[in-house]
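*Asks:* quick check, what structure comes out for this input:
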Amino acid sequence: MDTRKWIDASTIPGNAPQHLKQSLVDLISAEAKLNNARGTRGFEPEIASRIAWTDISILPKAEEPERPEGRVVGEITVQEDMLNGRGTIHGACSALLIDNCSSMPIALLNLATTGKGDLGVSQSLNILYHAPAVTNDRLRIVSTTITLGSRVLSSRCEIWNVTQHRLVASGVHTKMVASVPSRSSKL
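*Replies:* Sure thing, here's the model as predicted:
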């Protein structure tokens, strides 16, 4: 069952203003409620609902301090339904975590700069797999924005195994602002 509709933003650490944290959480909750209303099933709602958000911040970009950077950190414990046949985290599960989590700092920075919580739509997701994680390993998922343009949005994400002290997977996610389909679309 997807429990994202019950997130209390006031308990999430980080320097982002409370109203932005709440708007980001409301955005996640709205997606979850829509999926529940549609009867969407599968591993995404089940696994994504277990992510505990531990930091929502807006920081000066290290390479360009005058530019802001969205940073969102979440944690999850590896469970049986996240494993492949070898007993390690499945690559598709890592991809799901990177896909979902890397969208968060984009939405946060969009909220902070434009007032709109646009998650965008995926254009590409490039992932490197570094090391396995097994049942009961605690993972920290650190996502930061790279760029936030008027059409193209990008972020990076790293999944760290807190238990084993190693990098599990990393990815770069490029997204686009969703366009509204025209009524008289011509092919």
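*Asks:* only the buried residues of the lengthiest helix in the chain, if you could.
*Replies:* Ranked by residue count under DSSP state H, the longest helix found in the chain is helix 91-114. Within helix 91-114, the residues scored as buried using 16 or more other C-beta atoms under 10 Å are 93-94, 96-112. For every residue, glycine as well, the C-beta is placed using N, CA and C.
*Asks:* same check, this time on stretch 35-52
*Replies:* Buried residues in stretch 35-52 (16+ other C-beta under 10 Å): 35, 45, 47-51.
*Asks:* still on that earlier bit, which SSE is immediately downstream of the longest helix of the chain?
*Replies:* strand 121-129 (DSSP states H and E).
*Asks:* next, the angle from that next one to helix 91-114.
*Replies:* Computed by axes from the mean of the first three to the mean of the last three C-alpha atoms, to 10 degrees, the angle separating strand 121-129 from helix 91-114 equals 130 degrees.
*Asks:* so what strands line up beside strand 121-129?
*Replies:* strand 166-176 (antiparallel) (DSSP bridges).
*Asks:* run the chain-centre distance for the partner strand.
*Replies:* 10 Å (C-alpha atoms, centre = their mean, to the nearest Å).
*Asks:* next: stretch 37-47.
*Replies:* 16 Å.
*Asks:* try stretch 166-185
*Replies:* Worked out by C-alpha atoms, centre = their mean, stretch 166-185 lies 12 Å from the chain centre.
*Asks:* likewise for stretch 88-101?
*Replies:* Here stretch 88-101 is found 10 Å from its chain centre; the criterion is C-alpha atoms, centre = their mean.
*Asks:* ok so, going back, and the longest helix of the chain, what does it pack onto?
*Replies:* helix 18-38, helix 43-48, strand 52-60, strand 68-77, strand 121-129, strand 138-148, strand 152-161, strand 166-176 (3 or more C-beta pairs under 8 Å, 6 or more residues apart in numbering; DSSP states H and E).
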